[in-house]
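Engineer: With the sequence up front, the predicted model follows.
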Amino acid sequence: MSPAFHSSIRIRLAFLTLAVSLEAIFLSVFVLLSQNRQAAKDRVHADIEYDINLKAELEIAHLHEKLDRLTGDVLLRLERLQQALPKADRGNGAGEGGLSVHRASERTAESASARGPGAVGADRDCRVGRMAQEIDSAVTTEDRTVAAIP
């Protein structure tokens, strides 16, 4: 083979190498640009999720406050009903084995102040469960008392 043939092959290979290198450069630029766009989209999505989670947390805190207020209102109403009924008609409602709404509301206030503002979550379920049981027993006692009144 002649030296001119080898030089033309070398030139062709050099141009082929140049073309492949330029293609790799353009592809890497497009890949980097698409990654930056995806990162920007991810940041926006994360900000939206954060806002949604913050609103949900505030709404849950508001619902907890409302539940506490309503529970306190129910306990006050039960206490008023208990005080309005004559002692003879109360039966087991305020005796040794019955519900004392005043003591239940005091326990609720004491437990809330002892826990502090940050430890609301875990004890709330137990407290609400106990209150629901006390309310159910008070309502059944009240129903029996009301049924006995002529």
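Structural biologist: Cool, got the structure. Numbers count the residues shown, from 1 in each chain.
Engineer: which SSE is Leu67 in?
Structural biologist: helix 3-84 (DSSP states H and E).
Engineer: For that helix, the averaged confidence score.
Structural biologist: For helix 3-84, mean pLDDT rounds to 92.
Engineer: And it, what does it pack against?
Structural biologist: Helices and strands touching helix 3-84, by 3 or more Cβ pairs under 8 Å, 6 or more residues apart in numbering; DSSP states H and E, are helix 101-115, helix 121-148. For glycine as for every other residue, the C-beta is placed from the backbone atoms N, C-alpha and C.
Engineer: Least reliable of those by average pLDDT, please.
Structural biologist: When the helices and strands packed on helix 3-84 are ranked by mean pLDDT, helix 101-115 comes last with a mean of 53.
Engineer: Tell me how many other residues surround Leu76.
Structural biologist: Using other Cβ atoms under 10 Å, Leu76 has 13 other residues around it.
Engineer: separation between Val31 and Lys41?
Structural biologist: Note on Val31: its distance to Lys41, by Cβ to Cβ, to the nearest Å, is 16 Å.
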